[in-house]
Structure formats: C-alpha cells, structure tokens
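Asks: Fold the following, please.
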Amino acid sequence: MSDLAERPEGGPVGLPVTHIDAMGHVTGTALFTDDMSGRFPGMLHAYPVQVNQAHARVIRMELSAALASPGVVRVLTAADVPGVNDSGVRHDEPLFPSEVMFYGQCVAWVLAESRQQARQAARRVVVEVEPLPAVVTIEEALAAQSFLGGRPVLRRGDPHEALASAAHVFSGRTEIGGQEHIYLETQVAVAVVDESGQVLIHSSTQHPTETQEIAAHVLGLPSHAITVQCLRMGGGFGGKEFQPHGYAAVAALGAVLTGRAVQVRLDRQLDMSMTGKRHPFLAEWTAGFDNEGHVVAVVATMTADGGWSLDLSEPVLARALCHVDNAYFLPHVEVTGQIVQTHKTSQTAFRGFGGPQGMILIEDVMGRCAPQLGWSPEALRRRNMYAEGQCTPYGQLVRHPERMRDIWDQLAQRCAYAERSRQIEEFNASHPHRRRALAMTPQKFGISFNFTPFNQAGALVQVYRDGSVLISHGGCEMGQGLHTKMVQIAASALGVPLTAVRLAPTRTDKVPNTSATAASSGADLNGAAVKDACDQIRERLAPVAARLLAGDDAALVPSASVQFRQGRVSLTGTDHRELSFADVVGQAYLQRVQLWAAGFYRTEGLHWDQNTMTGSPFKYFSYGAACSEVEVDGFTGACRVLRVDILHDVGDSLSPLIDRGQIEGGFIQGMGWMTMERLCWDESDGPGRGRLASAGLSIYKVPSIGDLPEQFTVELVDRATETGVVYGSKAIGEPPLTLAISVREAIRQACAAFGPLGRDQPLALPATPEATFEALSQARRAAVVTC
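Replies: Purely as a prediction, here's the structure:
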C-alpha cells in the first residue's frame, strides 16, 4: 500500500478538473430527488397539517372532511405508526406530536393523488388545541430557566485570577443571529415498496444511514429492510444532515400503508417555517490584556438557542467552544456553554457547525478591544497568534502555527494592506458622509467530527473486465464536488484516465454504516477509503502485470516496480513493453484474481472527553486569512464590499477548480449571514407569537450577484502538503465561511470612523443597513459628546 499522502505521477489528482455534474446542472439533465417522481406511476403526494400556535396541546383532530375531499387516499396520524413515533436520535422529536412545540409544526399528513388536492384537504383537518405559554427569545428562556442538554465548560489555567491582575479589562455582549440554509432543492423524499416488502427511499439527505435507521424504527423494521439512496442534492449546508429523516419516514410510512409510491416535498415557505436553522447565540464576555497587547484571560458564557428539541445542538455548542480561540493563544480561559429551549424550529447543523459562532466571539473581542488599547485590530490579531509548541484551551497541540503567520504576512503584502490603509485615511478625511475601512481576519478551523466514532468511511470499487471502474462510497454529493474528487482519487490510485471511472449513487445497500457528509470531512474520509480499495486492487494486479511483462523473471519484480499510469502498465527502469490496463485486468480475470475491493478508513490519533472538554478531537487545522475593504453610506447604512483578497491553505489541492469554488461560495454565504440574512420571529403577545415572519425570499434577503465584492481574489497556499491525509490535501467545505468575518470587522471599523478614536464600537450580527446605521449613529453621538 502506498503512503496516504503520496501522489502518483501523471494522475489527475491536483488538476483543475470541471465538476463532473457541471454539464448536467447547466443543461437541466441532472436528476434530483423530486425528478424521480415521474418514474413512479400512481405516486401519492403528502402535505402537512400544521398548527399555527407556538406552544399548544392537541385536544382533538377531526379528519372526516379531509378524508371526504377529492383525491384523498389517507391521512397519516400517530395511530398509524407501527414502530416508534419519533424522528430523532434522542427520542425527543415525535413524528406526530400531541404537544405542538413551534408555530406551524405538523401533526398529521394528508396523502392524495395530487399535491394540490393534498394541500386543500390538509386545510380541512380540524385540530382543536389548548394554547400553552410560549418562550420565543433567548432572554425569555434564560429568565424561565428553560434549558436543553448539558452545560459544558472549557477551562484552562486560572482566568479569574489572571483577570484580576490584568492591566486592561474589558467586557461586552455579542448577539449572533441565525441563518436559513436556502438550499436550492428543499426537503424532499420519495418512498416505494417492492414485491418483497423492501422499502426504497430516495432522499435528499446528507446522512443516508441515519435516514435509514430513523425510517426503520418508525416502521418497526430492521435496517436491512430499508434502502436509502441519495443521487445528488441541490445543496445541503448542514440542513440535510439531521432534518430529512422525519420526511423520509413519513414517505416510507405512507408507502407501506398504501402500497403506492409516496412523495414528501416542502415548498420554500414550508421549508423555511418547518426546518431548523443556524443556531443564534448570545455571548457575554470579559477579556484581559497586558500592556504589550497580549490576551491574558477570557471568561465568557455562550448561550445557544436550540429551538424546541436537542437535534444537534450539543455537538454544535461543543464545536463553538472549541473554536473560541480561533487563531489566538489564550493562556487563561473559561467558556461556559448552555442551550436554551425555545418554542421555535429545532435549530440544527449549518456550515461551520458552531465553529463560526465561537470564532465571532473572539474576533468581536479583538475588534472592540483593539482601539481601546491603542492598537490597530490587525496588529493586535497578529500579536496573539499561536506559536510553536502552544496548545489549544482543550489541550491539542497546534501543528504548523507558523503557517498561519506566513499566510497573514503574505496576504498583507499581496493586497498592499499598508498602502491601501493610507489611501482609506485620505478618502475618509475628504468624504464626510461616507467611510471606508480595511480589515484582515485569520481562520484556524479544526477538521474532524467531534464525536470520534463518526470519523470512519467505507467504499466499494469494482473493476470490470474491460478495464472500466465503478466506485461507490458513503459520501453524498450536494454540489460541493465530492464525487469529482473521488473520481480523481480513484483514477490516480489505479493509474487510469478519468473517463475510465464512473461513480454510482450513494446507497446504504452498497456502503453501509456511513457517517454524515459533514464536518468538512467528506473528501478526507471517503477519499481515503476509495484509495484503500484501489490500492488493494492494484496490489492484486501488480503480480499479473509482472508475469505478462517480465515472463520468467516475474518473481524478481517487486510490486512497487509495476507502474500504472494513464491507462498503461509497465515496469520502471526497463525497456519492457507496455500493456493496457484493460489487458492486465482481462488476464487477471482469467487467473481468477479478485477485481473488486471494499475500502475502509478511520482517522487515527483522535480522542475527546466531552465531560472534561479535553483531548485532540481534530486531525489537523485549516488555516486562512481574508482582507476586505468596504464603504459605508452615512445616510442609509448601506454597505458596498469593494474588494476581498483571500489566501487559503488547502494542503495539496485535490481539485483546485473545485476548491476555489468552495472558497468563493463559502465566503459569500458567510458574508450573507453576517451582513443581510436576518431571521425575524414574532415576539408579540398576539395570535402570531412565535411565527417566523421571514419565511419567504421576498422578505429574507440572501446575497445576489450584485452583492459580490467588486474585486474578488482567491489564492491557494503553495507547498502545503498535509501528511496523513489523502494525497496531502486539506478540507475546504466549512472553513472559508469564517473568512467573511473580515467583512463584518471592516464594517465595524467604517462605522467607528464616523466618531472619535479609541472607542468600543459594537455592531449587530447580521450587520444589516439598519444595524449599520445604528452603529454609525452611535459613533456620531460619541463625536458630539467628545466635542
């Protein structure tokens, strides 16, 4: 077997290959789960019966009018569940609840011949409820002591003593808003039962195995009776890691009870009002610094709004706590985490999985304390970056910390930071109603699942007699280019052209017990498993090739001397003839050599104690930095992002074109969260209390082409091999989102420039035009007071 990070010469890994589904995406020929509907004649459509109360007890349901409606076949209720009436892994999410826990929660599903008929019939179901008190905000939940899960504490040193002796101490409050996923394809599942009773579920899911397990326990069946397939997703961003299971279970239940295919598909308004979002957080902190600008201690409490059930809130909170340090060494630290229960949708995974919220806390500290210390924010940030030999607050050694400093210095030079800062000072001096600012922020992001058992993957690679290759693996494609990378890895490992490799849809009957495609680990885990399977096959083919190429001397030829490259097989260091890969495979078949292999990989060296919040939960850290320039209008608070420069460490890129796209997309998604995407919940005492008022893209603003930076440059760090990872690469899914913190910090500095120097300048997240106007107005008021 070859070293995991060692790359074969001449392979397609590292080449800027186009996304393998790109043509299908742009021509409309790529199928998604909803497109499978036409393949099942007589398919039924499911529509939810919702209760428009944030918290209520169900007293009675009257179904007769709905059942008498045209096209209605059945109404599914809790009485129809043969197994466990629950769609969560913590057994706290009833599929058909008797107590409504958020506004618009579904208590029954109507099955009808058409979606329109199902929707009309759902409105005719009479649900009698008893309203109960509803908790909507984090502050209300804290006052009511409404909590979920544990209360972890990340602690190192003696932070309270360090604060007592610190030369400078500052305190603050940081409110962090949530975010809608806005995947292009909403939640959808199609289930069908075959003649033997086997249930096949086509689901838009990031976690087919968990979807399989939830559907199985709802139906009271073993997992082998359920097969889940994910052909591809139209986006996921974490919103399809845990949330799809209930919808798949409803489709499966309907299919089993009616004997017909059943589809569950949420329209955009339903998806936004019924599914979880990024967790909002409230952080309260105190930070101490010495006279040289070093952080000496941070004490903070981070409160996450979990919504009505636990979902993934505990691991999200744990990752938030593990990223409070970002790229900075905090010698004394104590961060307490807690989850409040509110009567809102159950908040869930979202790109970054809590890490961005933790990083925002420390960047808020840096951005607000720097002017009060008389430092520039960029100088204060660099001053506190990790150095060789230092460990995180949870005890993991930070490897390659010099890489972060090198990235920082290179980016500052490449984007002409010093010169542009001088130009901005001149601009601000001559424009009384506009302010520009330039901000740089770093990023250190841990890669691996915090829950160690999830760090494993499997793959099945099959070589056919004509030399063509079919690969199956446990990862799911959601547009991020995972399948493209897997094809590149397989082609490189086997020494065949890309055209010789095809990728099969992700299915639980091909690769079982998969982990979610999440935590930025999809390529690391599944790529290593694919490579392991390919290496096994290559090892079996090498002796066959040696006999064909060296004849009687074959016994003297080591396997490593057999070279597989671009579909040709030869011996190194000789003038022997070449053979085609297909010829070698054909001969191997005649010699009864196994031409398929199951690959497996588990990430070594990980350990984590969730009780003490200590260990080494991450395989490595991803590094990066961004420099953003903005202009803020003093009359409206509107902001233009003029220029963004990014330098990112992706190790030795598996697929540079894919990685650049992920960096660009992640950054823009993060920029949207921090500057415009505002979730609005009805906090009044009226009948709409708890309703999501921003459930629609006419109200909820996401970035468009016009919001892109006017100048946007992305560069990858050179010569950055990461040992112990497949072909020396690094993960790319989540880390770039956090680089958009630089935009928020630039907006903060632009607002501060409307007032006197040396002030604490708070800024809401998201920094909408309204929030930005409030911040700059505060700066102006401070200027008046100073005068």
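
Asks: Give me the most central residue, the protein.
Replies: In the chain, the residue lying closest to the centroid (CA atoms, centre = their mean) is residue 351, at 2.6 Å.

Asks: On the three-state scheme, that residue is what?
Replies: coil (DSSP: H, G, I helix; E, B strand; the rest coil).

Asks: Run through the residues that contact the nearest residue to residue 433 once chain neighbours are set aside.
Replies: The shortest distance from residue 433 to any residue other than its chain neighbours is 4.2 Å, reached at residue 634 (CB to CB, 6 or more residues apart in numbering). The way it works is simple: take the backbone N, C-alpha and C, and place the C-beta from them, glycine included. Neighbour list for residue 634: 432, 433, 434, 435, 754, 776 [criterion: CB atoms under 8 Å, 6 or more residues apart in numbering].

Asks: out of those, who's nearest residue 387?
Replies: Of all the contacts of residue 634, residue 387 sits closest to residue 435, with 34.8 Å by CB to CB.

Asks: Determine the three-state secondary structure at the closest one.
Replies: Residue 435 - assigned by three-state DSSP - is strand.

Asks: Now do it: how many residues are near it, please.
Replies: Close neighbours of residue 435, defined as other CB atoms under 10 Å, add up to 23.

Asks: I figured it hits residue 629, correct?
Replies: No. If you go by CB atoms under 8 Å, residue 435 and residue 629 don't touch, sitting 11.5 Å apart.

Asks: Now do the same for residue 110: its pLDDT.
Replies: The score at residue 110 is 99. That number is its pLDDT.

Asks: Help me confirm that it is found in a helix?
Replies: No. Residue 110 is assigned strand when assessed by three-state DSSP, not a helix.

Asks: ok, how many other residues are close to it?
Replies: Residue 110: 30 surrounding residues under other CB under 10 Å.

Asks: Can you tell me how far it is from residue 76?
Replies: Using CB to CB, to the nearest Å, residue 110 is found at 8 Å from residue 76.

Asks: again, but for residue 23
Replies: Distance from residue 23 to residue 76, by CB to CB: 40 Å.

Asks: Compare these two (neighbour count), which wins?
Replies: residue 76 (21 against 11).

Asks: what is the residue lying closest to the more buried one once chain neighbours are set aside paired to in the beta sheet?
Replies: Nearest residue to residue 76, sequence neighbours excluded (CB to CB, 6+ apart): residue 109, at 4.4 Å. Beta bridges link residue 109 to residue 48, residue 76 when assigned by DSSP bridges.

Asks: One more: residue 228?
Replies: Beta bridges link residue 228 to residue 201 when assigned by DSSP bridges.

Asks: How far away from the center of its chain is the helix or strand hosting residue 742?
Replies: Residue 742 belongs to helix 741-752 when assigned by DSSP states H and E. Distance of helix 741-752 from its chain centroid, counting by CA atoms, centre = their mean, to the nearest Å, is 25 Å.

Asks: ok so, going back, could you name every residue contacting both of residue 110 and residue 76?
Replies: residue 46.

Asks: now the angle from the next helix or strand after the helix holding residue 742 to helix 741-752?
Replies: Next in sequence after helix 741-752, counting helices and strands by DSSP H and E, comes helix 769-786. Helix 769-786 and helix 741-752 are oriented at 40 degrees to each other (axes from the mean of the first three to the mean of the last three CA atoms, to 10 degrees).

Asks: Need the residues that contact helix 769-786.
Replies: Contact with helix 769-786 is made by 435, 632, 634, 636-639, 747-748, 750-756, 759, 761-764, 767, as judged by CB under 8 Å, 6+ apart.

Asks: what separates that helix from the chain centre, distance-wise?
Replies: Centroid separation for helix 769-786 versus its chain: 35 Å, with CA atoms, centre = their mean.

Asks: CA atoms only: put that helix into CSV for me.
Replies: The C-alpha trace of helix 769-786 is given here as CSV (Å, rounded to 0.1, in the frame of the first residue of the first chain):
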residue,chain,number,x,y,z
PRO,A,769,-28.2,48.5,6.8
GLU,A,770,-30.4,49.3,9.7
ALA,A,771,-27.9,47.8,12.2
THR,A,772,-25.0,49.5,10.5
PHE,A,773,-26.8,52.9,10.6
GLU,A,774,-27.5,52.5,14.3
ALA,A,775,-23.8,51.7,14.8
LEU,A,776,-22.5,54.7,12.9
SER,A,777,-25.1,56.9,14.6
GLN,A,778,-23.7,55.8,17.9
ALA,A,779,-20.3,56.8,16.7
ARG,A,780,-21.6,60.2,15.6
ARG,A,781,-23.2,60.7,19.0
ALA,A,782,-19.9,59.9,20.7
ALA,A,783,-18.3,62.6,18.5
VAL,A,784,-20.8,65.2,19.7
VAL,A,785,-20.2,64.2,23.3
THR,A,786,-16.4,64.5,22.8
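
Asks: quick one: buried residues of it?
Replies: By 16 or more other CB atoms under 10 Å, the buried positions in helix 769-786 come out as 771, 772, 773, 774, 775, 776, 778, 779, 782.

Asks: Summarise which helices and strands the helix holding residue 742 is packed against.
Replies: Helices and strands touching helix 741-752, by 3 or more CB pairs under 8 Å, 6 or more residues apart in numbering; DSSP states H and E, are helix 355-373, strand 434-447, strand 620-633, strand 639-648, helix 656-675, helix 769-786.

Asks: for this structure, which spans come out with low pLDDT?
Replies: Along the chain, segments meeting pLDDT under 70 span 1, 575-576, 786-787.
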